[in-house]
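Participant: Provided below are the primary sequence and the corresponding predicted coordinates.
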Amino acid sequence: MNECPRKVRELHNHHFDSTIWNDFQFRDDDIIIASYGKSGTTWLQQIVAQLIWNGKEDLDIAEMSPWLDLRVPPKDIKLPIVEAQTHRRFIKTHLPVDALVFSPKAKYLYIARDGRDVVWSLYNHHAKANEAWYEALNNTPSRVGPPIERPPESILEYFRDWLEQDGYPLWSMWENVKSWWDIRHLPNVMLIHYAELKRDMATQIQQIAEFLDITIDESKWSIIFEHCSFNYMKQHASKMVPLEGVFWEGGAQTFIYKGTNGRWKDILTEEDIAKYEETSLRNLGQECAHWLATGEVIRP
């Protein structure tokens, strides 16, 4: 028997207000898109939207698929908007499972990416954020804990702080990934890896459609694949990013940045890499750590 996960804690910080899930009214066909962050979340949101709307052009992903546990705007504004949606909802979260209200009927898609690639994307996200972004997170009511500061000039320093301080200046990637890995056996949970999505996007999207019980007109597959390509998303970035990217220098094009892996390989030292791999193994265990690094599942 598969036991449904239970919420056991709340998470509050400059980004999170997990209490919104306590008041969220699930529908049986809801889709929850989860990740640690900068792991391909927007890509997955675009894929799901394309499947729901059979390849429709210019879908406003940022409006359709809100990040529910982001504390701005506050839940008294956000919840009525989400509850008024009439389409099949697909909602984003960056929470670990134990801080999330879990529905046995909703479908959960969790996407992960090697943490070193995540950090390189995070750094761009923070370094290019403008004053309005910091103002919204740090100087609006209900923030709990310290503010988020501007990153150092060195990406190497940023990586080492993130690794040594368990996700600083955000939150722990290890507990996030491990919490979703541990429920991968549930029939309404599907784990996706960024590297596998890049390697064979078409097969991955078809598997996602099957998991979500979405039947696609065969003539629409080619346009769906085109609309889920990085080039298409970069060209239509203003539809993918909240408020069309007003919080970043360079706008939405900055938010959807490079989409490439391995940029850390020429910058991290052998000692940095060894420390990362040891930390991953200690926190995740061998099977999960291998999956996070490669997208491959170890077969018995």
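Facilitator: Thanks, I have it.
Participant: mind listing what's buried in the helix of greatest length in the chain?
Facilitator: When the chain is parsed with DSSP state H, its longest helix is helix 270-284. Using 16 or more other Cβ atoms under 10 Å as the burial criterion, the residues of helix 270-284 that qualify are 272, 276, 279-280, 283-284. For every residue, glycine as well, the C-beta is placed using N, CA and C.
Participant: put the alpha carbons of it into CSV.
Facilitator: Provided in CSV are the C-alpha atoms of helix 270-284 (Å, rounded to 0.1, in the frame of the first residue of the first chain):
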residue,chain,number,x,y,z
GLU,A,270,39.5,19.0,-8.2
GLU,A,271,39.1,19.6,-4.5
ASP,A,272,35.8,21.5,-5.1
ILE,A,273,34.5,18.6,-7.3
ALA,A,274,35.5,16.0,-4.7
LYS,A,275,33.9,17.9,-1.9
TYR,A,276,30.7,18.3,-3.9
GLU,A,277,30.6,14.6,-4.8
GLU,A,278,31.3,13.6,-1.2
THR,A,279,28.5,15.9,0.1
SER,A,280,26.1,14.6,-2.5
LEU,A,281,26.8,11.0,-1.6
ARG,A,282,26.5,11.6,2.1
ASN,A,283,23.2,13.4,1.8
LEU,A,284,21.5,11.4,-0.9
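Participant: packing partners of it?
Facilitator: Using 3 or more Cβ pairs under 8 Å, 6 or more residues apart in numbering; DSSP states H and E, the elements in contact with helix 270-284 are helix 115-127, helix 155-164, helix 173-181, helix 286-294.
Participant: show residues contacting that helix.
Facilitator: The contact list for helix 270-284 (Cβ atoms under 8 Å, 6 or more residues apart in numbering) reads 115-116, 156, 159-160, 163, 174-175, 177-178, 181, 268, 289, 292-293.
Participant: quick one: mean pLDDT over it.
Facilitator: Throughout helix 270-284, pLDDT has a mean value of 98.
Participant: what angle sits between that helix and helix 115-127?
Facilitator: Computed by axes from the mean of the first three to the mean of the last three Cα atoms, to 10 degrees, the angle separating helix 270-284 from helix 115-127 equals 100 degrees.
Participant: and helix 270-284 with helix 155-164, angle?
Facilitator: Comparing the axes of helix 270-284 and helix 155-164 via the same axes, to 10 degrees yields an angle of 30 degrees.
Participant: now do helix 270-284 against helix 286-294, angle only.
Facilitator: 130 degrees.
Participant: and helix 270-284, how far out from the chain's middle?
Facilitator: 22 Å (Cα atoms, centre = their mean, to the nearest Å).
Participant: then stretch 23-42?
Facilitator: That offset, for stretch 23-42, works out to 9 Å (Cα atoms, centre = their mean).
Participant: and that stretch, what's buried?
Facilitator: 24, 26, 30-42.
Participant: export the buried residues of helix 270-284 to CSV and tack on distance to Q235?
Facilitator: Converted to CSV, these look like this (distance: Cβ to Cβ, whole Å):
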residue, distance to Q235
D272, 35
Y276, 34
T279, 37
S280, 35
N283, 38
L284, 36
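Participant: name the nearest of those residues relative to S121.
Facilitator: Closest approach between those and S121, by Cβ to Cβ: Y276, at 15.5 Å.
Participant: give me the distance between that closest one and F159.
Facilitator: Distance from Y276 to F159, counting by Cβ to Cβ, to the nearest Å: 8 Å.
Participant: could you do W264 as well?
Facilitator: 7 Å.
Participant: overlap of the contact sets of these two?
Facilitator: Common contacts of W264 and F159 (Cβ under 8 Å, 6+ apart): 116, 119.
Participant: hang on, the earlier thing: how about CSV for the helices and strands packed on helix 270-284, with distance to A209 and mean neighbour count added?
Facilitator: Formatted as CSV, the helices and strands packed on helix 270-284 follow (distance: least, Cβ to Cβ, whole Å; neighbours: other Cβ atoms under 10 Å):
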stretch, distance to A209, mean neighbour count
helix 115-127, 26, 22
helix 155-164, 34, 17
helix 173-181, 21, 22
helix 286-294, 22, 18
